[in-house]
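Novice: sequence? don't have it. structure:
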C-alpha cells in the first residue's frame, strides 16, 4: 500500500517540504541559482510539483516559485517516480544516482544540473521527518 493515500496527503507532506525550501535562506538561494524549471511527476498517487527557479518569484521572501498540481511551464528537467520513491528519497534512504540507474526515477533534461543541486537540498533531509510528524504520519 502506498505511503500517501491521495494527492492531497502527498502535497501536505512533500509539497510542504518544497514550500519550506523556497523560503529557506540556506536552500532557496542555491536552488534559485540553478535558473531552471524542475518538474516532479508522481504516481501512486498522481501529483505534480514544479519548481520555477528561472523566473523571479511571485511570493515575497521566496527564492523560487513552487507550483503544486498541473501547470503550463515547460520544464528544463522532468523527474518521474512513484510517490513512495520521493518519500524514501527525502528520508535519505534512496540515492538519486542509484535510483536513476535502476529506473526508480526517470529523468529527462540536463541531469548534471539536478545532481549539482543535491548538496543544496541536503538540509531538507532533516526537515522532511519533522513535517511528517507534524502531520501525524509514521516515519
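Specialist: Received, thanks. Please read these numbers as outputs of a predicted model, since none were measured by experiment.
Novice: residue nearest the centroid of the protein?
Specialist: residue 18 (5.7 Å; C-alpha atoms, centre = their mean).
Novice: what is the lowest-mean-pLDDT helix or strand in the chain packed up against?
Specialist: None of the helices or strands of the chain scores lower by mean pLDDT, DSSP states H and E than helix 111-121, at a mean of 90. For helix 111-121, the packing partners by 3 or more C-beta pairs under 8 Å, 6 or more residues apart in numbering; DSSP states H and E come out as helix 28-33, strand 77-82, helix 96-102. Where you see a C-beta, it was placed from the backbone N, CA and C, and this is true even at glycine.
Novice: model confidence over the next helix-or-strand element following the first one, on average?
Specialist: The first helix or strand that comes after helix 28-33 along the chain, using DSSP states H and E, is strand 37-43. Per-residue pLDDT over strand 37-43 has a mean of 97.
Novice: ditto for stretch 76-96
Specialist: 96.
Novice: got the end-to-end distance for that stretch?
Specialist: As for stretch 76-96, its first-to-last residue distance stands at 18 Å under the measure C-alpha to C-alpha, to the nearest Å.
Novice: distance of residue 30 relative to residue 23?
Specialist: Look at residue 30 and residue 23: by C-beta to C-beta, to the nearest Å, they are 13 Å apart.
Novice: just want to know which of those two has more residues nearby.
Specialist: residue 30 (19 against 16; other C-beta atoms under 10 Å).
Novice: secondary structure element holding residue 25?
Specialist: Going by DSSP H and E, residue 25 is not in any helix or strand.
Novice: re earlier: can you name the next helix or strand after the least confident helix or strand of the chain?
Specialist: helix 124-134.
Novice: in terms of secondary structure, what does that next one contact?
Specialist: Partner elements for helix 124-134 (3+ C-beta pairs under 8 Å, 6+ apart): helix 16-23, helix 83-90.
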